[in-house]
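Visitor: Predicted structure and sequence below. I'll ask about it afterward.
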Amino acid sequence: MSFKPALVQAAREVLALAKDKGLTIVTAESCTSGLLTSILTEAPGAAELLHGGFITYTKRHKALALGVREDVLERNGAVNEEVAVAMAEGALERSPADMSAAITGVAGPSPDEDGNPVGLVWIAIARRGFPTSPFDRNYGDIGRDTVRERAMLDALAALSRAAKL
């Protein structure tokens, strides 16, 4: 797959910073379907710093693979702060990594089953020993690929900030 140069550069910067700080990474992805993990593998040194990723596209898989509480998913859906935090923290609990990035959202082409609009994305970054940092973005209906690219850029920027703590 061919990624935009800005994404490749952002991934390289994150991994260089992680290496500098002695940190490793794991991902937990939904709407980006493993693309964040894939872009991180494009960077030199990825084999030493990236433990892997969880692709949890359905609510059921989020619960089984990452421990997201089923009652939360039933009550609030899969695109919200609580789920993003649970995904990020669940990935860390199930990995030896030092940091995790979680992305859950609606890339399109239509709203999700819970009525969340296209372009709504929640991202959470977890780092051992620090509070988890969730945030949302509403990119709007700008196309599936563009929503996912922007979500990955925002997640990579947030990973950089967490690595500097």
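Guide: Done, it's in. Residues are numbered from 1 along each chain as shown.

Visitor: pLDDT (mean, whole number) over the top helix by length along the chain?
Guide: Identified as the longest helix of the chain according to DSSP state H is helix 144-163. The average pLDDT within helix 144-163 is 98.

Visitor: So which other helices or strands are in contact with that helix?
Guide: In terms of contacts (3 or more CB pairs under 8 Å, 6 or more residues apart in numbering; DSSP states H and E), helix 144-163 is packed against helix 5-21, helix 35-40, strand 99-105, strand 120-127, strand 133-138. Backbone N, C-alpha and C define where each C-beta goes, glycine included.

Visitor: Packed most tightly, which of those would that be?
Guide: Per-stretch averages of neighbours, counted by mean count of other CB atoms under 10 Å, single out strand 99-105 among these, with a mean of 30.

Visitor: now it and strand 133-138, what's the angle there?
Guide: In terms of direction (axes from the mean of the first three to the mean of the last three CA atoms, to 10 degrees), strand 99-105 departs from strand 133-138 by 30 degrees.

Visitor: Dump strand 99-105 to CSV, keeping only the CA atoms.
Guide: Extracted as CSV, the C-alpha positions of strand 99-105 are listed here (Å, rounded to 0.1, in the frame of the first residue of the first chain):
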residue,chain,number,x,y,z
MET,A,99,2.3,3.2,25.0
SER,A,100,-0.9,2.5,23.0
ALA,A,101,-2.9,4.5,20.5
ALA,A,102,-6.6,3.6,20.0
ILE,A,103,-8.9,4.9,17.2
THR,A,104,-12.6,4.4,17.0
GLY,A,105,-14.9,6.3,14.7
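
Visitor: just to revisit the earlier point, with residue 152 as the reference, name the closest of the helices and strands packed on helix 144-163.
Guide: Of all the helices and strands packed on helix 144-163, helix 35-40 sits nearest to residue 152, with 5.0 Å by CB to CB.

Visitor: hang on, the earlier thing: the longest helix of the chain: which residues count as buried?
Guide: 147-156, 158-160, 162-163 (16 or more other CB atoms under 10 Å).

Visitor: any idea of the angle that helix forms with strand 133-138?
Guide: If you take the same axes, to 10 degrees, helix 144-163 sits at 160 degrees to strand 133-138.
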